[in-house]
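# everything below, folded, please.
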Amino acid sequence: MPLEFAHQHNGQYPDPGPWKHAEPRPLTLTGPLGLDSLPTQRFTKVKRASFGLNLMVVGESGLGKTTFMNTLFNSDLKEEILPKNPQQTQTVEIQPSYYELYEDGVQLNLCIVDTPGFGDQLNREHNVAPIVAYIDKQFEEYMAAEGHPGFRKSIPDTRIHAVLYFIAPNGHGLKELDAKALKTLSAKVNVIPIIAKADTMTAEEKVSFKNILLQDLEHHNIRTFPSSYPDEVDGADDLLQYIPFSVIGSDNTVEIGGRRVRCRTYRWGIVEVENAEHSDFVHLRELLMSTCLHDLVETTHTVHYHRHRGDALRAKGRPISILECDDSYESQISGTKIKNKEELNRKEEEIRQLFVQKVKEKETELREREEKLSTKKQQMEAELEQLRAQIEAEQRELDEAVSTLARNGTISKAPSKLFAKAK
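As a prediction, the model looks like this:
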């Protein structure tokens, strides 16, 4: 415990550790201080600053994406892009467009990234690659800006905050291209699935098609916003029931009941774009603008960008760092302890298995050597026995020869010292 801290608090509180301060003590005010004006000051300051939103629009040609975006922001953002001949379309183009929108003194810097050519080729195997490359490029540029000497200044944020993925109203579920694209994109950005041209289906068909899509999304383990981010999103519980959103877009307006409304006119009647009974357009706009715009930006930074940044740093050999000042230190350290324990147990088991294997190999080697030595001993004993028998036979022959010579009087009967020693 630092000496200054001990003297100041007289040992009342434990050492909070590095980068942390002592627990504050509540006090009672004896008069008004003006704290109630602080939220107003924060609101005024935030309102002066512009807000940013970067949306990417992905889907096959002919689904009304451009018309829908014009309807969503009540502006003529861009002209309709006529679909090209699929045989003439070679690659997916990435076309960012930037706009400034003003309302009641609030400025929104809007970026719409269109992807013409997606799904138009006969070979759609590489349709997602240019989109993923663009998303990764924005992450890399933001990461490079953080490492720049002037990083403390405001960094222009070009990262994609949400992908509006348009699904054709076929009534049969996700196509193979849609499933692959959604699976890939949902791992990098916030994905909001949208059923295009909802006026081509009846109410019953829309409910049935939504259920099929939800089953497909769950089957392919595709994360969608905001349902897959409950910890990062607040106040969107009432909007979850409309996912995937079935929407309508229109540039035409008619007067109904003394008010101008956007709608699509047919011989059998009028379909209002902003009528909740006709489509989920109002709920999608509420999600994007009124409820979750800040959550989209925050989730992009704290979830997707941090994952990309961590992967990029670890790819260069940097280990995962856990600091005691982190808010999630306790959960991280407990998880790390469990992981390290599991790793230690795994290594101990590997060492034990390796030791057992080495012992078995050594036992086998010693057994083989013992068998070889035993065999060699038996062979040497047999050879020794054979030599002993041969010597005994030669000794008998020699004794007989000596006895014969002694009887003939040729040599003395006394045995020689050599033979005596041999006996």
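# could you use CA atoms for every contact and neighbour count after this?
Will do.
# okay, domains of the protein per the record?
44-321, 325-423 (automatic domain parsing).
# deepest of those, which one?
Of all these, domain 44-321 has the most neighbours on average by mean count of other Cα atoms under 10 Å, namely a mean of 16.
# any chance of the domains of the chain in JSON lines, with mean pLDDT and distance to Leu29 too?
What follows is these, written out as JSON lines (pLDDT from 0 to 100; distance: least, Cα to Cα, whole Å):
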{"stretch": "domain 44-321", "mean pLDDT": "84", "distance to Leu29": "26"}
{"stretch": "domain 325-423", "mean pLDDT": "82", "distance to Leu29": "30"}
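# out of these, which is closest to Glu23?
Closest to Glu23 of those, according to Cα to Cα: domain 325-423, at 14.6 Å.
# before we move on, back to that, could the domains of the chain go into JSON lines alongside distance to Asp36?
Below are these laid out as JSON lines (distance: least, Cα to Cα, whole Å):
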{"stretch": "domain 44-321", "distance to Asp36": "14"}
{"stretch": "domain 325-423", "distance to Asp36": "28"}
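# find the nearest non-adjacent residue to Lys183, please.
Ile222 (5.2 Å; Cα to Cα, 6 or more residues apart in numbering).
# now do the SS call for that neighbour.
Secondary structure, DSSP: H, G, I helix; E, B strand; the rest coil: Ile222 is coil.
# ok, now how distant is it from Glu383?
82 Å (Cα to Cα, to the nearest Å).
# cool, Lys372 as well?
Relative to Glu383, and taking Cα to Cα, Lys372 is found at 16 Å.
# ok, Glu274 next?
In terms of Cα to Cα, Glu274 sits 110 Å off from Glu383.
# same question for Lys180.
Distance from Lys180 to Glu383, counting by Cα to Cα: 81 Å.
# try Ala276
108 Å.
# in the protein, which helix has the most residues?
For the chain, the helix reaching the highest residue count under DSSP state H is reported as helix 329-407.
# for the stretch 51-200 of the chain, what spans make up the strands?
Secondary structure of the stretch 51-200 of the chain (DSSP state E, counting those that start in this stretch): strands located at 51-58, 95-103, 106-114, 162-167, 191-195.
# measure how the second one sits relative to strand 51-58, angle-wise.
Strand 95-103 and strand 51-58 are oriented at 140 degrees to each other (axes from the mean of the first three to the mean of the last three Cα atoms, to 10 degrees).
# cool, the shortest one as well?
For strand 191-195 against strand 51-58, the angle by the same axes, to 10 degrees is 50 degrees.
# what separates strand 191-195 from the chain centre, distance-wise?
21 Å (Cα atoms, centre = their mean, to the nearest Å).
# quick one: Arg262 is in a helix?
No: counting by three-state DSSP, Arg262 is not part of a helix but strand.
# can you tell me which residues contact the closest residue to it other than its chain neighbours?
Leaving aside its sequence neighbours, Arg262 sits nearest to Thr253 (Cα to Cα, 6+ apart; 4.3 Å). Contact analysis of Thr253 by Cα atoms under 8 Å, 6 or more residues apart in numbering lists 260-263.
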